[in-house]
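Colleague: give me a model of this one.
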Amino acid sequence: VVCVWQPPLFLLNDEEVALKAQRFLLGEATAGLADAYPDVHVTHEVLTGHPVEELARTAEHALALVVGRRGRGGYTGMRLGSVTHGLLHRAHCPVITVPTG
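Modeller: Numbering: from 1, shown residues only. Here you go, the predicted structure:
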């Protein structure tokens, strides 16, 4: 499971504090899955950078890329956000988008 954190232009807090918060949120988002699927080995990684670039690079040898869709853009009816749209052009594997929540 990969999360990409894109630092803001002006970081008010320490970057390591922000990354620690991202790691915590990633753990919370996947909590209980190891118990539900004990045969599936899951690792967690928080990357820093542009989400499209980092996810496309991470998925270079993947069979598929699953991306969550928050639906918090300016157009609530849009099916694809900018990250998913970018991944459709950059990823070398199928991109699957699912709503989060």
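Colleague: where do the helices sit along this structure?
Modeller: Remark: helices assigned in the chain by DSSP state H are 15-29, 33-36, 51-58, 82-90.
Colleague: give me the contact list for the longest one.
Modeller: What that stands for is helix 15-29. 1, 3, 5, 7, 11, 44, 46, 48 (CB atoms under 8 Å, 6 or more residues apart in numbering). Every C-beta, even on glycine, is put in place using the N, C-alpha and C of the backbone.
Colleague: which stretches of the protein have low pLDDT?
Modeller: Within the chain, the set of residues satisfying pLDDT under 70 comprises 11-12, 71-79, 101.
Colleague: the closest residue to residue 64 other than its chain neighbours: neighbouring residues, count only.
Modeller: Nearest residue to residue 64, sequence neighbours excluded (CB to CB, 6 or more residues apart in numbering): residue 94, at 4.7 Å. For residue 94, the count of nearby residues is 12 (other CB atoms under 10 Å).
Colleague: ok, residue 94 - contacts?
Modeller: Under the criterion of CB under 8 Å, 6+ apart, the neighbours of residue 94 are 63, 64, 65.
Colleague: quick check: closest non-adjacent residue to the first one.
Modeller: Okay, so that is residue 63. residue 93 (6.2 Å).
Colleague: just confirm the one you found contacts residue 62, I think it does.
Modeller: Yes. At 5.0 Å, residue 93 counts as touching residue 62 under the criterion of CB atoms under 8 Å.
Colleague: pick the most deeply packed of the helices of the chain.
Modeller: The highest mean neighbour count among the helices of the chain, using mean count of other CB atoms under 10 Å, belongs to helix 51-58: a mean of 18.
Colleague: for that helix, name the packing helices and strands.
Modeller: strand 2-5, strand 45-48, helix 82-90 (3 or more CB pairs under 8 Å, 6 or more residues apart in numbering; DSSP states H and E).
Colleague: dump the C-alpha coordinates for the first one into CSV.
Modeller: Extracted in CSV, the C-alpha atoms of strand 2-5 (Å, rounded to 0.1, in the frame of the first residue of the first chain):
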residue,chain,number,x,y,z
VAL,A,2,1.5,3.3,-1.1
CYS,A,3,0.6,6.8,-0.1
VAL,A,4,2.2,9.8,-1.8
TRP,A,5,2.5,13.0,0.2
